[in-house]
Every structure is written in C-alpha cells, then in structure tokens.
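*Asks:* My questions concern the predicted model and sequence given below.
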Amino acid sequence: MAALPACLAVEVRSFLRLNKPPLATIQSPDGDVIDCVHISKQPAFDHPLLKNHTIQMRPSCHPGGMYHESHITHHPINQTWHLNGKCPENTIPIRRIKEEDVLRASSMTRYGTKRTGSIPNSNSINDPETPNVLRGHQHAVASAQVDKCDGTKISINLWQPTISRANAFSLTQLWIIGGSYSGNDLNTIEAGWQVYPHFYSDNNPRLFIYWTSDAYKTTGCYNLLCSGFVQTNNQIAIGGSISSIFSTYGGTQYDFDILVWKDPEGGNWWLQVGSIDVGYWPSSIFSYLADSASSIMWGGEVFSPDAGQTSTRMGSGHFPKEGFGKASHMKNIQLVDSSNYLRPPNDVQLVTEQPHCYNVRNGISDDWGTYIYYGGPGKNPYCP
C-alpha cells in the first residue's frame, strides 16, 4: 500500500491505537483478525467515567417470567472465527481494526458511528420535515411507549439480504430508548445483526451493538470501536460474522435470542445473546437510561446514500404478507418491567416510511407471543 499523506496517516493511527495488545491472536477464515485481549485492558476503560470501574463479572440475576417455545430451529451462536481457535479465560475477543477498514470510511471522523436519523420518530413519521432527519434511512419497525421499562427480549430471524452497493446496509435490531432528538439528548442501546459491506468488507451477517447518549452526535459507536461497553465473555466477538446458518426462502428458519436488561442491583444494562451473558453498558455513560427506558423498538432498517429508492433488501427481501418461511420475523417480543419480570408489550405501534418498499405487520399467538413480520425488496414497480 502506498504511503499515506501525513495528515491522513495521523488520523488512521488514532483509530489503530484502539487495538489493544493481545495475549493471543486468531486468524478467522473470513479475513477478520480476532485479538484476545485481557479483560482489564479492553477499550471500555479508556472512558473517563470508567477509569476506576470495577468489572461486574456476571449479572446479579436474570429477568423472570414467560418464555415461549416454538418449532423454529434455535442454534447456539457460532461465529466464523471459532473454526480456528478460542480465546483463553480472562480475555475477550476483539475484532482488530485494520488500516483498510478506516480508509474505507466515507468520513474518518465518523468511522464506526451511525448518522443522525438512525432511529424513526413514531410521532412524526408522516411529518414532511421528518425525511430531512431520516434521509437515506428507511425502517419497518414496531414500537411501544412504556413507563419505566428495564429491557426487552426477542427471538430474531437471521437472513443474508442482498445489498445494492457497498456503502449501504441492512440490519435487524432492537432499540432501547430514552430522551429525544429535539433535545439532542437521545439515549439508545441497540443490538442485532447487520450486513454492511463497506464497514466489514464482506456480505456476511454480523452480530453488532451500538449506543449513544447524545442523539448520535459525539458519543457512542458500533461494537467496541470506542470506550463504553464492558465485555465479560470470551466466546462472542462483537462485530464478528455469524456462521452460515441463515434462513432460506421457503426452507429452514434460523432464530436466536437477544435479551437486554437493566440489572436491578448495579443498574448496568446487560446483553445476553443466546444463553451467553456477553457484557454490559454501564449506567454511568447514560443520562436518561441511567434510570430506565421510555420507548422500545424492534424491526429492520436499511440505509443507502443513493438519491433514488434503493434496491437493498430488508430481512428476507419479501413483504410481511407472505408470512412464515418467506418474510422475516421477530417473535416472543417481551419487555422487562421495573420488577425485572418479562411481560408482553401493550399498544404496539407500527412505523414505516414507505410501505410499498418495506413494510411491517404484527400479531399475537399462543406459540409466538407478540410477533412481527417485516421487510421488503426496496425498489419495485410500486416503489420506484
């Protein structure tokens, strides 16, 4: 690679310094390099509020309440890098930042971050001013306004959607929300899977997390690309690709569970993927979410910088009306109440900007509890 201009080289080095010295390194078959970093040396502790933080190695308890069972195939979360090794005890796996990763970014100052407008406003989705905020982003989500909510649990359907261009993405996720855009104090905790070629250099679905405490302005990031999230588990690489167990149209469906909840003892927001407690967002990095959430969302999002309608697929790339095995779904959608108990959401609202491009439907059943079908192909004869 040719030498970089001096000013550019300085910016790149600033990101590469986020790579912590590993105790072991694993070369993943998908091209990722996974560094096994001692748990006490992880990026979280660069945060000024976490300099003297004591790691909470496990949650004080898990939420109680209802757990539905269904006939969808659930698999443990297997990631591609697992094929070539595992990280030792007292380390965490971190996907190494490479120079080419940073150089692919459209803006180095925004590397590893979402743009403002990455969350729909259910109260003003039809307001003519809203597209100025959400420009390039399209959603098909369900939402619930709640009073003092302490988390959510979902079973999430895994697909490998087609992306129209490298710097577009398609994702499926949950959002835990407090604050607002208008006050520039929006707090979010986010988790799910995404396909984002420009960011990860491939088309693999990857497990991701995100957080912000100021409406995506200056705080927060994807995965472990900034200080904040404290990882405690040595099996899951956040940002790592998920092994080839994708759902197929008209065929086998693959689901996995994500649970995020506020520990009633320490107040930290824990992430569980499958049955693995991965780590937590310390409550001290938030304002509103230091207390509780006021809104929860679940569903899909696509982003494209194209001026016209994108053909990036959301979920399976098929509309909700096609139903099971063809449209993407989330099932067993539950909230964690202030008593640390799982319960179904009430008054679920549906939000989509362009229903002929991407859409969402909801329902309730004995087997699936509260569920949604969502997604779509993007550009089509009814969505020019």
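*Replies:* Structure received. Numbering: from 1, shown residues only.

*Asks:* Wait, P22 touches V37, no?
*Replies:* Yes. P22 is within contact range of V37, at 5.5 Å (criterion: C-beta atoms under 8 Å). Glycine gets a C-beta too; all of them are placed from N, C-alpha and C.

*Asks:* the more surrounded of the two?
*Replies:* Legend: neighbour count by other C-beta atoms under 10 Å for P22 and V37, higher for V37 (24 against 19).

*Asks:* partners of the more buried one in the sheet?
*Replies:* I92 (DSSP bridges).

*Asks:* ok, back up a step: any common contacting residues for P22 and V37?
*Replies:* Contact criterion C-beta atoms under 8 Å, 6 or more residues apart in numbering; residues shared by P22 and V37: T91, I94.

*Asks:* which stretches of the stretch 251-384 of the chain aren't confidently modelled?
*Replies:* Counting by pLDDT under 70, the stretch 251-384 of the chain shows no low-confidence range.

*Asks:* One more: the stretch 51-200 of the chain?
*Replies:* 66-75, 106-108, 117-118, 121-135.

*Asks:* Would you map the helices across it?
*Replies:* In the stretch 51-200 of the chain, the helices defined using DSSP state H, counting those that start in this stretch lie at 99-104, 130-134, 197-200.

*Asks:* From the contact counts, what lies against the longest strand belonging to the chain?
*Replies:* Determined from DSSP state E, the single longest strand within the chain is strand 137-149. On a contact count with 3 or more C-beta pairs under 8 Å, 6 or more residues apart in numbering; DSSP states H and E, strand 137-149 meets strand 293-303, strand 328-336, strand 349-352, strand 359-365, strand 369-375.

*Asks:* Buried ones in that strand, by neighbour count?
*Replies:* Residues of strand 137-149 classed as buried: H137, Q138, H139, A140, V141, A142, S143, A144, Q145, V146, C149 (neighbour count, 16 or more other C-beta atoms under 10 Å).

*Asks:* Repeat that for stretch 367-374.
*Replies:* Result for stretch 367-374 [16+ other C-beta under 10 Å]: buried residues W368, G369, T370, Y371, I372, Y373, Y374.

*Asks:* Likewise for stretch 306-323?
*Replies:* Quick answer for stretch 306-323 (16+ other C-beta under 10 Å): 306, 309-320.

*Asks:* same thing with stretch 160-179?
*Replies:* Those would be 160-161, 163-164, 167-179, for stretch 160-179 by 16+ other C-beta under 10 Å.

*Asks:* Endpoints of that stretch, how far apart?
*Replies:* One end of stretch 160-179 sits 33 Å from the other (C-alpha to C-alpha, to the nearest Å).

*Asks:* now do stretch 315-329
*Replies:* Stretch 315-329 end-to-end distance (C-alpha to C-alpha) = 8 Å.

*Asks:* export stretch 233-248 as CSV, just CAs?
*Replies:* Provided in CSV are the C-alpha atoms of stretch 233-248 (Å, rounded to 0.1, in the frame of the first residue of the first chain):
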residue,chain,number,x,y,z
ASN,A,233,-17.3,-13.2,27.9
ASN,A,234,-14.5,-14.8,25.9
GLN,A,235,-16.7,-16.6,23.3
ILE,A,236,-18.5,-13.9,21.4
ALA,A,237,-16.7,-11.4,19.2
ILE,A,238,-19.0,-8.4,18.8
GLY,A,239,-18.9,-7.4,15.1
GLY,A,240,-17.8,-10.9,14.2
SER,A,241,-19.6,-12.8,11.4
ILE,A,242,-22.2,-15.4,12.2
SER,A,243,-21.5,-18.8,10.7
SER,A,244,-23.5,-19.9,7.7
ILE,A,245,-26.9,-20.8,9.4
PHE,A,246,-29.0,-18.3,7.5
SER,A,247,-32.8,-18.8,6.9
THR,A,248,-33.8,-19.7,3.4
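
*Asks:* What is the burial count for K98?
*Replies:* Neighbours around K98, by other C-beta under 10 Å: 17.

*Asks:* What's opposite S170 in the beta bridge?
*Replies:* Residues in beta-bridge contact with S170 (DSSP bridges): V195, V302.

*Asks:* Quick check: it touching S311?
*Replies:* No. S170 is beyond contact range of S311, at 10.9 Å (criterion: C-beta under 8 Å).
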